[in-house]
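J.: Structure of the sequence below:
(2 chains)
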Amino acid sequence: MARLSGGLIDRTKTLSFSFDGRGYTGHPGDTLASALFANDVRLMGRSFKYHRPRGPVSAGSEEPNALVELRGGARQEPNTRATVAELYDGLVAKSQNRKGSLSFDWLAVNDLLAPFFAAGFYYKTFMWPKAFWERLYEPMIRKAAGLGSLTGLPDPDSYDKGFLHCDLLVIGGGAAGLAAALTAGRAGARVILADEDFRLGGRLLAESHSLNDAPATDWVAAAEAELDALPNVRILRRTTVWGAFDHGIYGALERVSDHLAVPRGVRQTLWRITAKRIVLAAGATERHIPFRNNDRPGIMLAGALRAYANRWAVCPADRVAVFTNNDDGHRTALDLMAKGVGIAAVIDSRPDVRAQGDYPLFAGAVVSDSRGRLGLNRIAVARDGRETWIECGALGVSGGWNPNVHLASHHRGRPVWSEVLHAFVPAPAGGPPGLTAAGAAAGEGSTAGALASGARVAAAALSDLGFAATLPDLPRAEDAAQTLTPLWHVPGEGRAWVDFQNDVTVKDIGLAYQENMRPVEHLKRWTTLGMATDQGKTANVTALAVMAELTGKAIPETGTTIFRPPYTAVPIAALGGGDSGEHFRPRRLTPTHEWAASRGAAFVEVGQWMRAQYFPRPGETEWRQTVDREVLATRRGVGICDVTTLGKVDVQGADAGAFLDRIYCNAMASLKVGMVRYGLMLREDGFAWDDGTCARLAEDHYVVTTTTAHAGTIYRHMEFCRQCLWPDLDVQLISTTDAWAQLSVAGPQARALLERVVDGVDLSNAAFPFMACADLTICGGIRARLFRISFSGELAYEIAVPARYGNALMARLVDLGADLGATPYGTEALGVLRIEKGHAAGNELNGQTTARMLGMGRMVSVKKDSIGAVLSRREGLEAETRVLVGLQPVDAGDPVVAGSHLFAAGAARNTWTDQGWITSACHSPHVGSAIGLGFLENGANRMGEVITAANPLQGQEIALRVVSPHFVDPEGGRLRA
Amino acid sequence: MSCRRISSILKEDASVPDLTPLTALGQTAPMVLTRGALTVTEHPALALASLALGRGAVAPCPFGVQLPEPGLWAAGQGIAAFWTGPNQWMIEAEGRAEEDFARDLTVHAPGCSVTEQTDGWVCYEITSSKGATPILNLLEKLVNIDVASFGPGRATRTGLEHMSVFVIRRAEDRLAILGMRSSAASLWHAIGTAAGRLEEVLE
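T.: Here you go, the predicted model:
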């Protein structure tokens, strides 16, 4: 039908849009739903399971039916509620969950098969034949399930996030919310007022009530102008507060550009609001009354019909009926009549009511059925056992109002039942701390009641915070008491829908009852009631009332399900915070990154670090060639590798040595100044945790290193020990991981190369022996630290310079060492070098291994106590015989596969005969075959034995010979050279 | 007793190092980015050293700067300090990044443990040409700090895009963000993106 008079739309402008490919027009101020109604479109979707034709039920975010795919291409957004989608010029929407057209959906055949699709059918069917599940049933169900579809294209828009803090957060900008914000804003408190709608006013925009004898919008406009002018008030329009979290933090989604054809800048912003006090003024949601075939397009909530007429000047039909159990339903009839809409009948289930205007009233009657394939055309009215059919194109249903208790019920707050309102209201305590409900959300739904309650609750919250707040002069407003006689459903034959979105009927609840799925949480999961995008906002209370009726329990005894965030759907893109791809998480770059990139290095992620993995040269066609070359060049000449990523912790203080003695299992206090020692840390339970080196720079000054992976956790552990376990020790700690670029210079020519950069330092074996360390300068005065330590088994050093010089030092060493064969190497070669030498790394220190297994059992000092030392000597660990061994294939062409389990040759392969596993494996250019390290039972006594490595995942069984883990220089002569 | 200080003379005062330093962003000169009213500048000349009180030590007043209370930053002549933990501060020295500032500080802080931190961090100085508002708007997008109580002279450690940072409000219209040097590029991206989005909103 044509537009009605009035409304809050801008008729001077026309917006074009399309739905299912057909063009329509609307006006600024319209939602997609209101604009479609204005174009005589009632059918907007298909139901989830039975593919029944559906139209909007509501005029707000509670909408279960009118879900569309909004926009096209990469911006396509499924399950968008037409009732809150703000109309813009060029809007494109498509209906969803259909095969064929919206008016002829092939999958509507499901509706005929409904007896087979009762609640929980999928728990009982698809049982046989078993093989069909993966091949047929599951793919079929997956295909049929879901509502809207995703394009699979990357989202082109940018999403933002941010943090806000305030004294008072007001959730909802209706009568109660505006009164609360005005009270708090005038008192000088920092206020955030958030409303999900694009226009402030809430229900005041949907009603015909006046305030101070003027249109309510006049008062709303004045309040909004005042709040806008207050510097201490921030209004977040188009912003849904969707969850209460710990510490007074609320999640809020601001739809910054959703109302624009092409988002300008940010599309949506996810705010985390920290509020000292919260006023929940989220209003109430009307409930419907299930009756047979109550789901046709045109059957709506009575308050929604009123909202469409008053705010958007539309009505889905020119002849409308109302079905109610309370006085509020009659308002719909009166408002529609005032707009010139014909009222076919008002059906009130209460026998002793009177008409409030000139319309046919059926008192003591119910609506018992409806007709109309793609939209309502008549209803059956039953009274005293007689049924009368009435022609109408729309039916407004009002079963009363449910306060929107959701946010008050996060944090496990449980709403309480009001016998007066016949509805759940927020409990005074037990929900999110500092949150109080006001207005319709608190059950004070009259306009005057909502205004007064908003002001009162805000004033109380402010007084708590020490603000002197005075109650504002509130406008005169209607204050009608609502009388209601509960009617939870109309009993009878056929299907009466309770949850429109999930196609759950009164019968389904009966079936759940029969099958003993009676607790509400079971009811929910058995029937899927209250799930999906609307989370049962229009269904839950009705459903549990029906269950209460079946069980004979009271409604409060039946209880509600747990309320969880989000209140309405939040896009994953917004939760993700906007960055994707390489910026999805922070990356850490080494000081030589620029140089490595310029040399064409391949990089590998190591935690957050990007490390050079290898440096390919022209002609090398696969990575193994490069790695083999880097390994051999290091063993023959000199290799250089950036090892900055190892954690470095500066330890100072008079008790630094004593402190390190307690956290390392071996002695550190006895370390001489100017020397370095390998250190092993145990966990409290006696297992090996982390290893590294400990350099003593002065009596009261050490620098320790950790593995790259444990840099953060070990530093945290050390701080915990210092601050909490032994605050009496004089120790100071700070991380210096990033401060120093550290390069490993390894190989027989390492000394010759370093002599070319250090400033007048004697690096001879006598002056600077294995495990020495020193402060010195290089390249004409650059501060540096030199450590003679080796991970590769070669003569090796690690040299540290302030990070800013790392890149230039790397370049300088490679240039200066050209004649010595200086070669940069990456993490792959680093791994090969250390496996060849038999050094443990992360693969061996995996949390399941002990010092004894690593061949370092004697390092756990018995002369002192240290973390983990006592438990490392417990019976179970003492009896452990698996130790680190080297493994080499009997047939040199065979691979060694890390993760394979080890068995005695010829033994059965099962858990009981399992003798260990391979931790690390690589191709060793030094040995000329694959090699590995692993833990093997009695390994030390089995040198030369041939065992079997089983890799059942790949069907491999390989004969390996047990050898020393030191494939290179087992005597250690090279590193002392 | 000092460890093997093999180099016989302190060459850094006398000779010119012949390696070219790079900034944390991998450049030879500081990066500058302007978005609307905000300008973000990398500040590689800022020297940093941590200072922690040893047992029984009296809090020193290095270079005349009174070490501030928790949550605060105090500035003197070319030297400033902010609180980083119980009995621990970071000392900033303008323009001294190429020197051994930590050693100099040690002399001025008897009984304290001093550790070189200059290249542990990247420092981004953010200035506003339109007063405090753009600074506050930027903070709101980056860190969970109540900007109303984060006026000039405040400093705190907090998380920013999963990175640990120090945020210092140097003045109404000036802010510094210090992050791990290794994640300088990610931090630069985060600040630049947020500043850019503010500009879009203002347009």
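J.: C-alpha from now on. contacts and neighbour counts both.
T.: Will do.
J.: I figured B:A52 was touching B:T84, is that so?
T.: No - using Cα atoms under 8 Å as the test, B:A52 is too far from B:T84 to be in contact (9.6 Å).
J.: Which one's more surrounded, those two?
T.: Comparing B:A52 with B:T84 by other Cα atoms under 10 Å in any protein chain shown, the one with more neighbours is B:A52, at 27 against 23.
J.: For the more buried one, which non-adjacent residue is spatially closest?
T.: Using Cα to Cα, 6 or more residues apart in numbering or on different chains and skipping residues adjacent in sequence, the residue nearest B:A52 is B:Q88, 4.3 Å away.
J.: where's the one you found relative to A:G806, distance?
T.: Distance of B:Q88 to A:G806, computed by Cα to Cα, to the nearest Å: 28 Å.
J.: ok, now A:L435?
T.: Using Cα to Cα, A:L435 is found at 54 Å from A:G806.
J.: cool, A:S34 as well?
T.: As judged by Cα to Cα, A:S34 and A:G806 stand 65 Å apart.
J.: Between these two, which is the more surrounded one?
T.: Neighbour totals were compared for A:S34 and A:G806, and A:S34 leads with 32 against 28 (other Cα under 10 Å).
J.: Go ahead and report the secondary structure state at that one.
T.: Secondary structure for A:S34, judged by DSSP: H, G, I helix; E, B strand; the rest coil, is helix.
J.: Read off the pLDDT value for it.
T.: Among the per-residue scores, A:S34 holds a pLDDT of 98.
J.: Does it touch A:A309 like I think?
T.: No - assessed by Cα under 8 Å, A:S34 is found out of contact with A:A309, at 9.3 Å.
J.: what's the neighbour count on A:Q625?
T.: 14.
J.: Tell me if it really is in a strand.
T.: No - assigned with three-state DSSP, A:Q625 falls outside any strand and is helix.
J.: how many neighbours does A:A602 have?
T.: Residues near A:A602, counting by other Cα under 10 Å: 16.
J.: Next: A:L301.
T.: For A:L301, using other Cα under 10 Å, the count is 30.
J.: Name the residues of stretch A:859-875 that are buried.
T.: For stretch A:859-875, burial by neighbour count (16 or more other Cα atoms under 10 Å in any protein chain shown) applies to A:859-860, A:865-869, A:871-872.
J.: next one: that stretch to chain centre, how far?
T.: 42 Å (Cα atoms, centre = their mean, to the nearest Å).
J.: could you dump it to PDB, C-alpha only?
T.: Output of stretch A:859-875 as PDB, limited to C-alpha atoms (Å, rounded to 0.1, in the frame of the first residue of the first chain):
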ATOM      1  CA  MET A 859      75.800 -31.300  35.500                       C
ATOM      2  CA  VAL A 860      73.000 -31.200  38.100                       C
ATOM      3  CA  SER A 861      75.200 -30.100  41.000                       C
ATOM      4  CA  VAL A 862      74.800 -31.900  44.300                       C
ATOM      5  CA  LYS A 863      76.900 -29.300  46.000                       C
ATOM      6  CA  LYS A 864      74.200 -26.700  45.900                       C
ATOM      7  CA  ASP A 865      70.400 -26.600  45.600                       C
ATOM      8  CA  SER A 866      68.800 -25.300  42.500                       C
ATOM      9  CA  ILE A 867      65.300 -25.300  41.000                       C
ATOM     10  CA  GLY A 868      64.400 -28.800  39.900                       C
ATOM     11  CA  ALA A 869      67.500 -30.400  41.400                       C
ATOM     12  CA  VAL A 870      65.800 -32.400  44.100                       C
ATOM     13  CA  LEU A 871      63.000 -33.700  41.800                       C
ATOM     14  CA  SER A 872      65.500 -34.600  39.100                       C
ATOM     15  CA  ARG A 873      66.800 -37.200  41.500                       C
ATOM     16  CA  ARG A 874      63.400 -38.800  42.100                       C
ATOM     17  CA  GLU A 875      63.000 -42.500  41.500                       C
END
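J.: Whichever residue of the stretch 51-200 of chain A sits closest to chain B - how many residues pack around it?
T.: Nearest residue of the stretch 51-200 of chain A to chain B, counting by Cα to the nearest Cα: A:G162, 4.0 Å away. Per other Cα under 10 Å, the neighbour tally for A:G162 reads 20.
J.: which residues pair with it across the strands?
T.: Applying DSSP bridges to A:G162 yields these beta-bridge partners: A:W271.
J.: Can you give me the pLDDT of it?
T.: Reported pLDDT for A:G162: 96.
J.: residue contacts, A:V490?
T.: A:289-292, A:366-368 (Cα atoms under 8 Å, 6 or more residues apart in numbering or on different chains).
J.: quick one on the thing from earlier: distance of the residue of the stretch 51-200 of chain A closest to chain B relative to B:I135?
T.: Distance of A:G162 to B:I135, given as Cα to Cα: 14 Å.
J.: ditto for A:V731
T.: For A:V731 relative to B:I135 (Cα to Cα), the value is 38 Å.
J.: nearest residue to the residue of chain B found nearest chain A other than its sequence neighbours?
T.: Nearest residue of chain B to chain A, counting by Cα to the nearest Cα: B:G120, 3.5 Å away. Of all residues not flanking B:G120 in the chain, A:A739 sits nearest, at 3.5 Å (Cα to Cα, 6+ apart).
J.: Then A:E880?
T.: Nearest to A:E880 is A:M853, by Cα to Cα, 6+ apart, at 7.5 Å.
J.: A:L877 is in contact with the one you found, correct?
T.: No - A:M853 is beyond contact range of A:L877, at 9.3 Å (criterion: Cα under 8 Å).
J.: Which one of these two is surrounded by more residues?
T.: Counted by other Cα under 10 Å, A:M853 and A:L877 do not tie: A:M853 has more neighbours, with 25 against 17.
J.: so the more buried one sits in a strand?
T.: No - applying three-state DSSP, one finds A:M853 to be coil, outside a strand.
J.: ok now do it, which residues does it touch?
T.: Contact analysis of A:M853 by Cα under 8 Å, 6+ apart lists A:880-884, A:935.
J.: make it 10 Å
T.: Applying Cα atoms under 10 Å, 6 or more residues apart in numbering or on different chains, one finds that A:M853 lies in contact with A:687-688, A:844, A:877, A:880-885, A:934-939.
J.: now do A:G817
T.: Contacts for A:G817 (Cα under 10 Å, 6+ apart) come out as A:637-639, A:749-750, A:752-754, A:756, A:811, A:823.
J.: With secondary structure and distance to chain B as extra columns, can I get these in JSON lines?
T.: Listed next are these as JSON lines, based on DSSP: H, G, I helix; E, B strand; the rest coil; distance: Cα to the nearest Cα, whole Å:
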{"residue": "A:G637", "secondary structure": "coil", "distance to chain B": "24"}
{"residue": "A:V638", "secondary structure": "strand", "distance to chain B": "21"}
{"residue": "A:G639", "secondary structure": "strand", "distance to chain B": "20"}
{"residue": "A:Q749", "secondary structure": "coil", "distance to chain B": "21"}
{"residue": "A:A750", "secondary structure": "helix", "distance to chain B": "19"}
{"residue": "A:A752", "secondary structure": "helix", "distance to chain B": "18"}
{"residue": "A:L753", "secondary structure": "helix", "distance to chain B": "16"}
{"residue": "A:L754", "secondary structure": "helix", "distance to chain B": "14"}
{"residue": "A:R756", "secondary structure": "coil", "distance to chain B": "13"}
{"residue": "A:A811", "secondary structure": "helix", "distance to chain B": "10"}
{"residue": "A:T823", "secondary structure": "strand", "distance to chain B": "20"}
